Structure formats: structure tokens, C-alpha cells
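Q: Compute the structure for the input listed below.
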Amino acid sequence: MNPPGIAAKAAGAPPGTVAALRARAEASALEVRELEFGIPGLPSFGAGLSFTLQPGSALALLGPNGAGKTTLLRTILGLVPSMAGKVSLGGRDLAAMTRPEIAARVGYVPQNLSAAPHFRVDEWVLLGRLAPLPMFARPRASDWKAVSEALAAVGMSALRARFVEELSGGEQRLVATARALAQGANTLVLDEPAAGLDYGHEIRLLARLDAMRALGFGIVFSTHDPRHALEHADVVLLLDGSGGARLGAPAEVLTDAALAAIYGVATDL
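A: Numbers count the residues shown, from 1 in each chain. Here you go, the predicted model:
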């Protein structure tokens, strides 16, 4: 992991923003205990799955199509009920939390971003922060400050006046990440964040995630590229497609033999 000062500099975040974000990320552990997840009526996955995502760490989720990666992410977010076990955020049981309470702690960046209407970047990020508030609530100075800090953290301050539809795919994913941060989230869950990006945008987006990790945020992301896990994660969860899972350090889990068994192709990482 890069030292915080280096990662913060790479993110282009001013010192005040760095301090605010680091303070907010304290005591924000995501805990999964004896979890079994899946879609009702279909075979379940990961019976007895347990892990803790501490602030400042990243977990990469890998597995073949249909192995349950997106279902697990949605279970962590409380969008799909668990079949057994418990998920907690900062010591609170997810099942006992309201949607606004969950959104204030964990932000979601889906693989397929919904089309943003004709909004400027800063306006669209602001809407994410205002979502839990009553209808027609007016933004406060603190809300605009949160928007500025979130955009600075992902290196998108210079594009705040651009319209969302004018941005590239990689830039839109960074703006979506800023929108999640503006909600107050201290854990980020991203479903295949690098999917469909060209090489340059892929590298830049993953570097921003490294920077957020160095600021103390917890990161959970799914990917089909083992290199992403080896280079940008502290822990890997490898789903085998038949309900089993292996958790551990990237170099220990992502062996050539394990990947060949799951994907059916020879690898040489």
C-alpha cells in the first residue's frame, strides 16, 4: 500500500479534504459473519463465509460468471437479504438499519451506471447526498462542501461544471464514486469498476481507489482480472462457481492451479 501522503497527492486532494476524509473513515469496519447468500429459490453460495474489512483495506472478489459476485455485493449493501448469518457496519447489524443509515456508511458504484439526466457533475453528486433528505430540501453550505471534498478525493474537481453525459466511461465511474462519498460513506462497494474501460482509464481509476484506501476507506470491488486483485487488494475472496469460496492473501489464493480449476484455462501470473 502506498503511504497516505503519496496516495493523497496522487488523488489531488488538498490537505483539508484529506483530514476530513480520514477522520470520517475511522471505526467503519464491515463485518460478515457465517454468511450464506443467494437468490431465494436458487442454490445458495458461501455457507459460513466470514471476514472483516478494516478501514484502509481492500477486498477483491473474483469468480466465474454466475458464481454469486454481484449477489454478494448486493447482500453486503442490504439490497438482498442474507439467507443465514449477519452483516454489520461499524458494529451495527445491517438488518436493523434503515436505507438512509446504510447509504450514509456504505456507497455503491454499480457496473451499469444509470443514465444521468442533463445534470452538471457537481449537481449529480449533490443529488446523491440529498437523496435521504425530505423532498424539496434545499442544499446547505455543508452539502456543497461535501460535494467539493468528494470530487477532490477522486481527482474530478476540474470537471465539476461539465455535464455528466459529456464524460468518458472512466470519468463517469469516478463521478459515481464521488457521489457515493458525498453521501458520507466510509466503505465503497464497486461492481467490476474497470469493466469496459480502456487501459488508461482503467489504470487511473484503480489508482484513485488505492488513494481512497490510503485515506482509510474500506474498498470492496469485483473483477475478472486477477492482476487487479494482486496489485490493488489486501484480501481476495475467490468464488468457485459451485457455492464454495476461498479467502486469503492475493498471492496465496490466486495460484495458477486455483485459477485453472475455476476458469478452465492455464495461467502464468
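
Q: residues of stretch 246-259 that come out buried?
A: Within stretch 246-259, the residues that count as buried by 16 or more other CB atoms under 10 Å are 246-247, 250, 253-254, 258-259. Every C-beta, even on glycine, is put in place using the N, C-alpha and C of the backbone.

Q: Where does pLDDT dip in this structure?
A: Along the chain, segments meeting pLDDT under 70 span 1-28, 114-117, 132-136, 269.

Q: Quick one: mark the members of the buried residues of stretch 246-259 that sit in strands.
A: Judged by DSSP state E, the buried residues of stretch 246-259 include 246-247 as members of strands.

Q: Quickly name whichever of the buried residues of stretch 246-259 is closest to Thr177.
A: Pro250 (22.1 Å; CB to CB).

Q: so who does that closest one touch?
A: Counting by CB atoms under 8 Å, 6 or more residues apart in numbering, Pro250 touches 60, 229-230, 233-236.

Q: check contacts around Val87.
A: By CB under 8 Å, 6+ apart, the neighbours of Val87 are 30-33, 35, 75-76, 78, 93-95.

Q: centre of the chain versus the biggest helix by length in the chain, how much separation?
A: The helix that spans the most residues within the chain, counting by DSSP state H, is helix 199-214. With CA atoms, centre = their mean, to the nearest Å as the basis, helix 199-214 stands 12 Å off its chain's centre.

Q: just to revisit the earlier point, max pairwise distance over the buried residues of stretch 246-259: which two?
A: Using CB to CB, the two most remote members of the buried residues of stretch 246-259 are Leu247 and Leu259, lying 15.5 Å apart.

Q: so how far is Trp124 from the residue nearest the centre of the chain?
A: In the chain, the C-alpha nearest the mean C-alpha coordinate belongs to Val189, at 2.4 Å (CA atoms, centre = their mean). From Val189 over to Trp124 the distance is 19 Å, taken as CB to CB, to the nearest Å.

Q: partner strands of the helix or strand encompassing Glu31, parallel or antiparallel?
A: Assigned by DSSP states H and E, Glu31 belongs to strand 30-37. Paired strands of strand 30-37, with direction, are strand 45-53 (antiparallel), strand 84-89 (antiparallel) (DSSP bridges).
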